[in-house]
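Peer 1: build me a structure from this.
(2 chains)
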Amino acid sequence: MKTIKDIYENIGLPRLIIGVFFIFLVVVSIVLGFSPAALFSDVVRRWLMYGTLVLAMVPGIQSGIGLNFGVSLGISAGLLGSVFAMEISFLRNWNEVLGAGAPWLTLLLALLFGIIMAAILGTLYGLLLNRVKGSEMTVSTYVGFSVIAFMNIVWLSLAFKNGELSWPLQGQGLRNTASLSGSFGGLLSNPDVVQSTQPAWLQWLAFKIGDFTLPLGLILVFALLCFSVWLFFRSKLGIAMSGAGENQLFTTSSGIDVDRKRIQGTAISTVLGAIGIILYAQTYGFLQLYNAPLMMGFASVASILIGGASVRRAKISHVLIGTLLFQGILVTALPVVNEVIEIGTLPEVLRIIISNGIILYALSKTKGGNQ
Amino acid sequence: MDDQYLLSMKNISKEYFGNRVLKGVNLNVKPGEIHALVGENGAGKSTLMNILFGMPVIYSTGGFEGEIQINGESISIDSPHTAMNCGIGMVHQEFMLIPEFNVTENIKLGREIGEPTALSKIFGNLLEKMNWTQMSKEARKALDSIGMMNIDEYAKVAGMPIGYKQFIEIAREIDKTGIKLLVFDEPTAVLTEGEADRLLEIMRLIAEKGIAIIFITHRLTEVMAVADSMTILRDGEFVVRKDVKDITLAKIAELMIGRQIDKLVDDSLLASRNLSDDKIALEFKDYHVDMPGERVKGMNIKIREGEIFGFGGLAGQGKIGIANGIIGLFETQGDVFAFGKRLDLSKLGEALRNDIAFVSEDRRGVGLLLGESVERNITFTAMQIKDQFLRRIGPMKILDKAKADQHTREMIKLFDIRCTGPSQTAGSLSGGNQQKVCLARAITMDPKILIVSEPTRGIDIGAKKLVLEYLTKINREQGTTIVMISSELVELRSLCDRIAIVSEGKVFSVMKPDDSDAAFGLAMAGVREEEAV
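Peer 2: Residues are numbered from 1 along each chain as shown, chains lettered A, B, ... in the order given. Have a look, this model is predicted:
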């Protein structure tokens, strides 16, 4: 009896409800005749796709700026990095010159550009957040919105030569959605892409077991990122940062510059956002520009909250559990709804209701789990 | 037999997550009596009161065993609301007053008297008009009944002295109809001496009206002064119920901690120290600290190596600011020298890097990471300043868990920190144990100068003795210079070699511990002896 209670206390009511709902959806979709293997492939894919963006919340929360709604800043940096890398790849004609290596180099270059830009932007963003102590979350929400609006102008005014990126028949402006199929799309996660473009010794990156797709490359990258963040918060700097997030006076009296730690935390969060969107785009196969990333910050925030984090403390386990539940429900709910209601655009409407409903629920249950 | 008691709690037991915090405790209170509930921190007083008030925390953790009777009738109190209906009231330690409301509004909050209006007849009594005359009359009566004639019932609460706020709280409880029992939880902790005396008088006044009072306090002299009877708890067990006239102060203290205490610190650690004016550990020259409420305004003093030096004085005179300036929490001016080296206090951590460690007076606000483990709390500063408990892996310095764990276990043993282990969160420890964690963190820095600010505030006698003994021990054995800032003169005098009395941000006089009580009293009040004659 006591152990059951302990387990319950550990899980927390919100995660229990959402977890049960998730299992319920899985059962229903299997009953409705969906292939479990395909379903789980999808869940795993989306889990990894959004994982890093959710991971980006951890340094923000730990360093005391709270839920980083402004992760779209990092997302924008990552997108910018990607389009620049793709343009360079096009101008240098890497696909011809490098063959199978081209997408790798483009991916690395995108990451490099994205990380550098995110580090700079994140630092500035951190400086801003230090000036608005106490209302970081409100400010970061608006920073997130503003940066998307600003980037809309940037996307419109970039004059790129790469036909995959720019609007056809026009000298200026980038597409709404740019396909990554000729570039690094699916490189780490799509078995078809891996099979057709990569040499035999790299076939382990993504392969099928029956109907089930195992994106091993992406799993490894995500695991590495999680491990790095975990390790970071066991390092001297990471521990100082956690201290700054937990109690500013305590940390100051231990001779640590709290504002500096907050800036570093914000910068790391932004950098992870940039890496996150690049991994997202490579899994999805498309770069989504303009307003697409507008609500990604909210989805990330909701995921980590469902995972059991509070606005002051977050752990890697919260990232893993939260993303799995949030994305799992979205993936399984849609086909079920489609099957049950077959009227025009209603499923799309329901998708929005479900995803925002989860966000609302998560925000209202910010405590949850083990304190 | 039972009828003589207004309240009797019988054989109360309570368990929190397998940890038995109350073991068959009895509490009996007669009408119109002041009954003191005493015990060390963690003895179970708060839990007992939570049970009496039917606090949700009790029911969410599985309820309790035992019986509560009021006037001989067995009742079940399952919510604070029921408790209120039974005539049980509480005077809170933190004031539950709305600063922007006036005294009447605060006293009558939630029990306003209304007059029917046209709207209220249609939409219900929430739209009734307030009957201000009646309300202020009743508020006045409540204030008068506790002898607070000089509080204006129309004055705003914001900006009132703390003592007044406490009295308004009491007036609010008195104003409730049918109040039979009032609980005072550490009411004098935040009051000045004069206010505390006044409060004790008021408690007597209330008791005379036939209202029973449960008085929870750490100050045993107050118990002796005001209470009729007392119940002593120790480690969740009922020790004894006695009338105050049948017991002595020493006996209470003995029963509370279950062993004889004679002196705070024993003298077996005899001084083999060589204090000399040539060897100065810490020197202040025209030292200013801009700490609101505790400003230091031009302090000059030299503290010798190996000395235990005390700073005393009334609250608000600046003694608290001294340490907070050195540690970098507030802006400073002037010069501070540690072992002859000038400290650049504009640089964070300057003091720590020069072997000065600090235990803050604000345990929960400054001294601890409440949400983090005991281990993280103890090792944090040493890790950040001295790179201890770290392992180099390439360019990174990663936590050496094994070392940190081992050190924490040593500290837990050394200071007898009562916790489930190094991983328990600091916030869930009792006050005394939290203080030990703070001290352990400072000791981990292996300091040459240790500054402790109010080291015994709000902790029980057992922990107090341990802390003070330890300070003496490292002073005698390792030659650590101790700077102790405290409001408790007795404590300073039992430990220190010299005591500086701080008044208006300056050192008023430097005294010896064996100077007369009168001399200390005058210095505290900022009066020169020659003026007093």
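Peer 1: going forward, measure contacts between C-alpha atoms and count neighbours the same way
Peer 2: Noted.
Peer 1: which is the next helix or strand following the helix or strand harbouring A:I115?
Peer 2: Assigned by DSSP states H and E, A:I115 belongs to helix A:102-131. Next helix or strand after helix A:102-131 toward the C-terminus (DSSP H and E): helix A:136-157.
Peer 1: which of the three states applies to residue 182?
Peer 2: No chain specified, so I'll use chain A. Following DSSP: H, G, I helix; E, B strand; the rest coil, the label given to A:G182 is coil.
Peer 1: other chain: chain B
Peer 2: Classification of B:L182 by three-state DSSP places it in strand.
Peer 1: wait, what's in contact with the residue of the stretch 151-300 of chain A found nearest chain B?
Peer 2: Chain B sits closest to A:G255 of the stretch 151-300 of chain A, with a gap of 3.5 Å, by C-alpha to the nearest C-alpha. Shown in contact with A:G255 (C-alpha atoms under 8 Å, 6 or more residues apart in numbering or on different chains): B:I327, B:G328, B:L348, B:G349, B:E350, B:L352, B:T381, B:Q384, B:I385.
Peer 1: now swap in A:N190 and tell me
Peer 2: A:A206, A:F207, A:P215, A:T283.
Peer 1: just the buried ones from those?
Peer 2: Buried members of the contacts of A:N190, counted by 16 or more other C-alpha atoms under 10 Å in any protein chain shown: A:A206, A:F207, A:P215, A:T283.
Peer 1: in contact with the spatially closest residue to the last one that is not a sequence neighbour, which residues?
Peer 2: Once its chain neighbours are removed from consideration, A:T283 has its nearest residue in A:G186; the separation is 5.2 Å (C-alpha to C-alpha, 6 or more residues apart in numbering or on different chains). For A:G186, the set of contacting residues under the criterion of C-alpha under 8 Å, 6+ apart consists of A:V193, A:V194, A:Q282, A:T283, A:Y284, A:G285.
Peer 1: how about those, which pair is most distant?
Peer 2: Maximum pairwise distance in these, criterion C-alpha to C-alpha, is 14.3 Å, between A:V194 and A:Y284.
Peer 1: B:T248: how many residues sit nearby?
Peer 2: 11 (other C-alpha atoms under 10 Å in any protein chain shown).
Peer 1: correction: B:Y59
Peer 2: Neighbours of B:Y59 (other C-alpha under 10 Å): 13.
Peer 1: look up how far chain A lies from the closest residue to it other than its chain neighbours.
Peer 2: Nearest in space to B:Y59, with sequence neighbours left out and distances taken as C-alpha to C-alpha, 6+ apart, is B:D78 at 7.8 Å. Separation of B:D78 from chain A (C-alpha to the nearest C-alpha, to the nearest Å): 22 Å.
Peer 1: quick one: contacts of the strand or helix carrying A:I61?
Peer 2: Assessed by DSSP H and E, A:I61 sits inside helix A:57-62. With C-alpha under 8 Å, 6+ apart as the test, helix A:57-62 has contacts from A:66-68, A:241-242, A:245-246, A:262, A:265-266, A:268-269, A:300-301, A:304, A:311-316.
Peer 1: continuing past it, what's the next helix or strand?
Peer 2: Next helix or strand after helix A:57-62 toward the C-terminus (DSSP H and E): helix A:72-91.
Peer 1: near chain A, which residues of the stretch 51-200 of chain B show up?
Peer 2: Residues of the stretch 51-200 of chain B found near chain A (C-alpha under 8 Å from any C-alpha of the partner chain): none.
Peer 1: quick check: the gap between the residue in the stretch 51-200 of chain B that chain A sits nearest to and A:E9.
Peer 2: Nearest residue of the stretch 51-200 of chain B to chain A: B:T61, at 10.7 Å (C-alpha to the nearest C-alpha). Using C-alpha to C-alpha, to the nearest Å, B:T61 is found at 11 Å from A:E9.
Peer 1: low-confidence regions, the stretch 1-150 of chain B specifically.
Peer 2: B:1-3, B:17-19, B:40-42, B:93-95 (pLDDT under 70).
Peer 1: tell me which of the contacts of A:G186 fall in strands.
Peer 2: For the contacts of A:G186, not one is inside strands, with DSSP state E as the criterion.
Peer 1: residues from the stretch 351-500 of chain B in reach of chain A?
Peer 2: So the stretch 351-500 of chain B meets chain A at B:352, B:365-369, B:371, B:380-381, B:383-385, B:387, B:390, B:396-399 (C-alpha under 8 Å from any C-alpha).
Peer 1: please produce a PyMOL select command covering the buried subset of the residues you listed.
Peer 2: In PyMOL syntax, the buried subset of these is picked out as below (16+ other C-alpha under 10 Å):
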select buried, chain B and resi 352+366+367+368+369+371+380+381+383+384+385+390+397+398+399
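Peer 1: give me the subset of the residues of the stretch 351-500 of chain B next to chain A that lies in helices.
Peer 2: With DSSP state H as the criterion, helices contain B:L352, B:F380, B:T381, B:M383, B:Q384, B:I385 from among these.
Peer 1: the last one contacts B:L352, doesn't it?
Peer 2: If I follow you right, that is B:I385. Yes: under the criterion of C-alpha atoms under 8 Å, B:I385 makes contact with B:L352 at 7.1 Å.
Peer 1: need the residues touching each of the two.
Peer 2: With contacts taken as C-alpha under 8 Å, 6+ apart, B:I385 and B:L352 have A:S254, A:G255 as neighbours in common.
Peer 1: where along the stretch 351-500 of chain B do the helices fall?
Peer 2: Secondary structure of the stretch 351-500 of chain B (DSSP state H, counting those that start in this stretch): helices at B:374-386, B:401-415, B:431-444, B:461-478, B:489-495.
Peer 1: any low-confidence regions in the chain?
Peer 2: By default, I'm working from chain A. The model of chain A has pLDDT under 70 over residues A:1-2, A:344, A:347, A:351, A:362-363, A:365-371.
Peer 1: you looked at the wrong chain, it should be chain B
Peer 2: Ranges of chain B meeting pLDDT under 70: B:1-3, B:17-19, B:40-42, B:93-95, B:189-190, B:253-254, B:257-273, B:518, B:521, B:525-533.
Peer 1: and the residue of it that's closest to chain A?
Peer 2: Counting by C-alpha to the nearest C-alpha, chain B gets nearest to chain A through B:G349 (3.5 Å).
Peer 1: my read: that residue touches B:L329, true?
Peer 2: No: using C-alpha under 8 Å, B:G349 is not in contact with B:L329, being 10.1 Å away.
Peer 1: any common contacting residues for those two?
Peer 2: Counting by C-alpha under 8 Å, 6+ apart, the common neighbours of B:G349 and B:L329 are A:T252, A:S253.
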